[in-house]
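1. below are the sequence and a predicted model; questions follow.
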Amino acid sequence: MRTSKATWKIWGNTTATLDMRADLQNLPKETAKPWPGAGYATSPFGDHGTAYVERGEIYDFVQANGITGFATIAGDRHSFWAGLAAKSLPPKPFVPVGIAFVTGSISAPGVVEALEHVLPKEHPLRSLYVGQGPGDHGPQPILNMLVRHGVRSCFEYAQSGDIAKARALSNPELSPHLSFVDMGGHGYSVVHATSGFIETEFVCIPRPIERSDRPDGGALAYRVKFRTDLWKNGEAPKLQMQVLEGDPKFSV
């Protein structure tokens, strides 16, 4: 990467790099046993999202050598993720050095589907994972909101069903690296790179339980596009998100 003259240095990674964590320190006292301390809960995905030392060495190298146009494209999580590549998150220094994406699976089940079946309906923390608001007719992918916005947002949605009120309670320290999370979505991603910007589009289909008889493959759940202009040395990369179709309301 240090000697490359390519505009975009794309790390095609087998496993994802973006952190997944939750602010369980904000659980209401009456809900569960108190979380032991002020630190965050992290997910044991076993991928580069928790390979802190090895991933940190790569990101330190990118930063120390002033490398721009650094992007990671990955899979393996059976979910859609979009965000910024950073060695650490608050309360540690948050210094983005690139952009990162994870593509959803076409048909392989994801975490949300598993939780719908294995997490008991009477579980006191179900509202954090596959809960539902007063007007919902079935479980919702609240886990996305937990990772993106935090515990308070999840409980607010379970109580009111108002997505705007839930987002208003977002924990700004939880996930400044994330722009989008959907651990219940299926589909594919398209990446388009030019000399001045790179775009990644998530195309999400409804849960593929039945075969569609339409020649175009059937209806879409949503389409979301992320654009990043090429940044200069010393600048931080920025993601611009545009919802093209549908409403991925728990993911943003």
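-> Right, received. Where do you want to start? Numbering: from 1, shown residues only.
2. CA atoms for contacts and neighbours, from now on please.
-> OK.
3. ok, now how distant is Ala219 from Glu245?
-> In this structure, Ala219 and Glu245 are separated by 11 Å, where distance is defined by C-alpha to C-alpha, to the nearest Å.
4. let me redo that: His117
-> As for His117, its distance to Glu245 is 29 Å (criterion: C-alpha to C-alpha).
5. which one of these two is surrounded by more residues?
-> Set His117 next to Glu245 and count neighbours by other C-alpha atoms under 10 Å: Glu245 wins out with 14 against 10.
6. the more buried one against Val224, yeah?
-> Yes: judged on C-alpha atoms under 8 Å, Glu245 makes contact with Val224 at a distance of 7.0 Å.
7. let me see the ranges of the helices in the stretch 101-250 of the chain.
-> 111-118, 142-148, 151-160, 163-168 (DSSP state H, counting those that start in this stretch).
8. so what does the third one touch, helix or strand wise?
-> Pointing back at helix 151-160 there. helix 142-148, helix 163-168 (3 or more C-alpha pairs under 8 Å, 6 or more residues apart in numbering; DSSP states H and E).
9. now it: how far from the chain's centre is it?
-> Computed by C-alpha atoms, centre = their mean, to the nearest Å, the separation of helix 151-160 from the middle of its chain amounts to 19 Å.
10. which residues does it contact?
-> Residues lying outside helix 151-160 but in contact with it, judged by C-alpha atoms under 8 Å, 6 or more residues apart in numbering, are 22-24, 26-27, 127-128, 131-134, 142, 145-146, 162-163, 165-171.
11. burial check on Pro91, number of neighbours?
-> A total of 9 residues lie near Pro91 under the criterion other C-alpha under 10 Å.
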